[in-house]
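> Quick one: sequence and predicted model below, then my questions.
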Amino acid sequence: MISKTKNGFSLVETMVAVAILSIMLSISASIASGSSRATIMAKEKVIATYLAEEAGEVIMNIWQTQLSAGIKTVAGSSLEDCTGLYGCFVDVIPNIVVESCTDAPLCGGLNLDLNAGYKTNSPGQIKYYRTVKVTQGLTEGEDIEYNARIEIRWGDNSDKTLSFDYHLFPINVRPN
């Protein structure tokens, strides 16, 4: 007698297996793509945070220098450049530069210099914009509080932003 047992898979079984495998591969690719995008976004945000904190340290240093000289106002310092309509930009490489912005969307462009970090005069495409706006806050007698808003913009059409606020109080916190 000849047995009629089948060996192997039928065409329908093979097609079902290929369909299931295709679905699993597309889900895996989608997860990997999303993870890659999230990693890039996280890296960009870390860089933006660093650039904002760097500008904040420069602003606080200039303010403390003013206070150490007995001056409790931004007048006469480079912070005065940050009080205009569009604020100012801050560059720290190779020297600290604080200059008034004349056109907000194009102000404070930073490009990566692989030898020195982000700075305004590097050639190539600008990846980040850093602007600082200083406004007068509370006044108590001769003491004036100032607020400094540091904004970092990046991405296509500079559509991603990160802002930090610093308060410049009229007290000298440096030890004598």
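Thanks, I have it.

> in the protein, which segments are predicted with low confidence?
Applying pLDDT under 70 to the chain picks out residues 1-6, 104-106, 114-116, 119-126, 172-176.

> let's see 50
174, 176 (pLDDT under 50).

> Quick check on T161: phi, psi?
Dihedral pair for T161: phi -140, psi 150, per degrees, to the nearest 10.

> Any idea what it is bridged to?
Beta-bridge pairing of T161 under DSSP bridges involves R153.

> Could you check how far the most centrally placed residue in the chain is from D143?
In the chain, the centroid-proximal residue (Cα atoms, centre = their mean) is A48; its distance is 1.9 Å. From A48 across to D143, the span is 33 Å (Cβ to Cβ, to the nearest Å). (Each C-beta comes from the backbone N, C-alpha and C, glycine too.)

> can you pull out the helices in the chain?
Secondary structure of the chain (DSSP state H): helices at 11-68.

> What is the neighbour count of the residue lying closest to D103 once chain neighbours are set aside?
If the residues on either side of it in the chain are set aside, D103 comes closest to Y86, at 6.9 Å by Cβ to Cβ, 6 or more residues apart in numbering. As a burial measure, Y86 scores 17 neighbours (other Cβ atoms under 10 Å).

> likewise T39?
Neighbours of T39 (other Cβ under 10 Å): 10.

> Please apply the same query to N111.
15.

> Tell me the bridge partners for it.
Beta-bridge partners for N111, by DSSP bridges, are K119.

> Go through stretch 53-69 and flag the buried ones.
E54, A55, G56, V58, I59, I62, W63, Q66, L67 (16 or more other Cβ atoms under 10 Å).

> Which residue is the nearest non-sequential neighbour of the first one?
Meaning E54. Distance criterion Cβ to Cβ, 6+ apart; nearest residue to E54, sequence neighbours excluded, is V92 at 6.1 Å.

> Does the one you found touch V58 like I think?
Yes. When contacts are counted by Cβ atoms under 8 Å, V92 is listed as touching V58 (6.2 Å).

> Give me the neighbour count for S77.
17.

> From V58, how far off is it?
Relative to V58, and taking Cβ to Cβ, S77 is found at 12 Å.

> do the same with C88
11 Å.

> what sits in contact with each of these two?
V98 (Cβ atoms under 8 Å, 6 or more residues apart in numbering).

> So what does the residue lying closest to T102 once chain neighbours are set aside look like in phi/psi?
The shortest distance from T102 to any non-neighbouring residue, by Cβ to Cβ, 6+ apart, is to Y86 (6.8 Å). The phi and psi values for Y86, taken as degrees, to the nearest 10, are phi -100, psi 0.
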